[in-house]
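Asks: I would like to see how this sequence folds:
(2 chains)
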Amino acid sequence: MSYLQVFDISQSALDYHRLRADLMAQNLAQARVLDASGSVPRARDAVAFSDTAFRSVWNSQRAGGIARIEVVEREAPAMLAHDPGHPQAGPEGFVASPSLDVAWMMTTFMDAARAYQTNVQAMNLSKQMLLDSLKLGG
Amino acid sequence: MNETTYLVISGALDAAMLQHRLAVHNVSNSHSEGFVPSRLDWQNVLRDLHRVNDGTLSAASVDLDRHVVQSMPGEVVAMEAQVSELLQNSLRYRTLVTAFNKLHAMTTLAITGRTT
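Replies: Below you'll find the predicted structure:
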């Protein structure tokens, strides 16, 4: 195993948290938007999976960070507003818009930002240790 | 002072690097579904290194992976504890590098009669 692999472990987490922040920014931007067909866009989030499930014998070669990231759509009922004059109003005069869960989006955003910072801190400590190892012997 | 001391310090440096990698792995997977954090059992590593020092265990047969302990399934990553472990471990590593260098300086003095 390369001694530089420890950076890849942190890098996988940085990618994941940046993706989450990007998705939350998109969710916020689309919060009031209908697409051309009149359907309501759904809020998206990313879920991470590690390949190190619980096992009786540990193998340190498997400590490789996040193994897989999946983008999932968040199930939420659309909000209906009565607006018969709206070009995309249904037969009964209701317009569907994405349900605004701004609190969820902002807390997820903050969570992603904090986790990003923590992983940068871990990466800096990795760098420090590798620099220390270069001082071995003198 | 003999070669054994070098082997013990090298073993401890390897263990500190493994512990660092485990903590980085735990931090990076703090949001992963179903992730189980793991750590290195230092007491057992030190016990092995003592045996290397006594000569009852060869340095080559120290298996660090055997001393990795996984938490029970369902336990979440305690972020503060992991970051604190990372900081402590980097100091531990630096201390070991300093110890190695002091040992190296003594060996150099013994061989050449000079400190530089």
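Asks: going forward, measure contacts and count neighbours with C-alpha atoms only.
Replies: Fine.
Asks: leaving out the residues flanking it, which one is nearest to the most centrally placed residue in chain A?
Replies: For chain A, the residue sitting closest to the mean C-alpha position, by C-alpha atoms, centre = their mean, is A:Arg20 at 2.1 Å. Distances taken as C-alpha to C-alpha, 6 or more residues apart in numbering or on different chains put A:Ala46 closest to A:Arg20, at 5.9 Å, once the chain neighbours are dropped.
Asks: tell me the contacts of that neighbour?
Replies: Listed by C-alpha atoms under 8 Å, 6 or more residues apart in numbering or on different chains, the contact partners of A:Ala46 are A:16, A:19-20, A:23, A:69-72.
Asks: what's the answer for A:Thr118, then?
Replies: A:Thr118 makes contact with B:27, B:83, according to C-alpha under 8 Å, 6+ apart.
Asks: still on that earlier bit, now, the contacts of A:Ala46 that are in strands?
Replies: A:69-72 (DSSP state E).
Asks: coming back round to it: please name the bridge partners of the residue nearest to A:Arg20.
Replies: A:Val71 (DSSP bridges).
Asks: any idea how far B:His104 is from it?
Replies: Separation of A:Ala46 from B:His104 (C-alpha to C-alpha, to the nearest Å): 50 Å.
Asks: give the helix, strand or coil label for B:Gln43.
Replies: B:Gln43 falls in the helix class when you classify it by DSSP: H, G, I helix; E, B strand; the rest coil.
Asks: doesn't B:Leu46 make contact with B:Val62?
Replies: No: using C-alpha atoms under 8 Å, B:Val62 is not in contact with B:Leu46; the gap is 10.6 Å.
Asks: still on that earlier bit, how much space separates the residue nearest to A:Arg20 from B:Ala23?
Replies: Taking C-alpha to C-alpha as the measure, A:Ala46 and B:Ala23 are separated by 23 Å.
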